[in-house]
Every structure is written in structure tokens, then in C-alpha cells.
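Trainee: with the sequence up front, the predicted model follows.
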Amino acid sequence: MTFKCPLLETLIILCSKDDVEIGKTIATMVALGIGLEKIQVIFYEDIERAERWGVSLEELKKQDALDKMLKENREKVKGSNARSDNNNDGDEMEDEDYYSDEEEMDDEDSEMDDEDDDDDM
């Protein structure tokens with residue numbers, strides 16, 4: 001048995017987020033021949049939230065997707081920072097070494113400046 005409706009563009013299902021039967025309903029529709037790309041599920045909670053915020057459902061979905069990406073990126077950064085902290089083998093550069101290298105560079109720069117001054121005479 002298949003479901004045939006050549007004019008069907010989108011099947012919109014309205015339900016609650018805690019509806020445990022939605023998965024079965026979608027699976028049945030797909031089994032009947034409705035393409036998954038034509039099925040759209042809209043939750044009552046999202047409609048209420050969009051109305052409260054004064055935005056469209058499309059804008060709400062975009063914002064939710066951005067929030068999800070932001071959260072995932074934060075977790076990745078947090079995870080990579082934790083790994084880099086654990087990989088610290090004590091090879092950190094000492095402050096004294098850093099400053100002494102910097103002082104050497106300053107000395108070289110001042111020597112170069114002195115040479116430039118000699119050329120002017």
C-alpha cells in the first residue's frame with residue numbers, strides 16, 4: 001500500500017515534544033511513500049516560544065541552529081584546551097629565559113641603530 005498525492009509539497013505534523021508516537025508516525029508516512037524531505041514536524045512548544053519572542057518559526061529554527069553550533073564549538077575548544085593542558089611536559093619557557101632573549105634582541109637592535117648613525121656622518 002502506498003500513499004499517492006502528486007500535489008503534496010509538505011506534510012506538516014503538529015505535536016508536543018514529549019509525543020512518543022511521532023517517530024512511528026513519521027516511519028509510517030515514509031513507508032507509505034512520502035519522502036522524508038516532504039515531512040516537517042512542528043512542536044507546539046516552538047510555536048509558543050516563537051510567539052513569545054515575536055519571531056517566525058524559521059527565525060527561531062535558525063537561532064536554535066546557531067545556538068547549537070555555538071555550544072558545540074565551545075565544547076570543542078574546551079576539550080582541546082583540556083588536552084593541551086594535559087600534554088604539558090614541563091617544557092614551558094621560563095620567564096627569565098624569555099626576558100633574556102628579549103634583552104638580547106634589544107641589544108642587537110641598538111647596535112644596528114648605531115651602525116646607521118655612523119653612515120650619516
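Mentor: The structure has been received and is ready for your questions. It should be emphasised that the depicted structure is a prediction, and the values quoted were computed from it without experimental measurement.
Trainee: please, where are all the helices along this structure?
Mentor: Ranges of helices within the chain are 22-31, 44-53, 57-86, 95-120, based on DSSP state H.
Trainee: residue ranges with poor pLDDT in this protein?
Mentor: Residue ranges of the chain with pLDDT under 70: 1-2, 82-121.
Trainee: hmm, try it at 90
Mentor: Scanning the chain for pLDDT under 90 picks out 1-10, 32-35, 57, 61, 74-121.
Trainee: how close does residue 19 sit to residue 9?
Mentor: Distance, residue 19 to residue 9, using C-beta to C-beta, to the nearest Å: 24 Å. Quick note: C-beta positions are derived from backbone N, CA and C, even for glycine.
Trainee: the two - which one has more neighbours?
Mentor: Taking other C-beta atoms under 10 Å, residue 19 and residue 9 do not tie; residue 19 has more neighbours (14 against 6).
Trainee: that one: what's it in contact with?
Mentor: By C-beta atoms under 8 Å, 6 or more residues apart in numbering, no residues touch residue 19.
Trainee: what about it, distance to residue 42?
Mentor: From residue 19 to residue 42 the distance is 12 Å (C-beta to C-beta).
Trainee: with residue 9 instead?
Mentor: Applying C-beta to C-beta, the value for residue 9 to residue 42 is 15 Å.
Trainee: same thing with residue 30?
Mentor: Distance of residue 30 to residue 42, computed by C-beta to C-beta: 18 Å.
Trainee: one more: residue 3?
Mentor: With distances taken as C-beta to C-beta, residue 3 is found 20 Å from residue 42.
Trainee: over to residue 68?
Mentor: Distance of residue 68 to residue 42, given as C-beta to C-beta: 18 Å.
Trainee: between the two, point out the one with more neighbours.
Mentor: Comparing residue 68 with residue 42 by other C-beta under 10 Å, the one with more neighbours is residue 42, at 14 against 10.
Trainee: partners of that one in the sheet?
Mentor: Beta-bridge partners of residue 42, counted by DSSP bridges, are residue 14.
Trainee: for it, give me its contacts.
Mentor: Contacts for residue 42 were tallied using C-beta under 8 Å, 6+ apart; they are 12, 13, 14, 15, 57.
Trainee: all good on my end, thank you.
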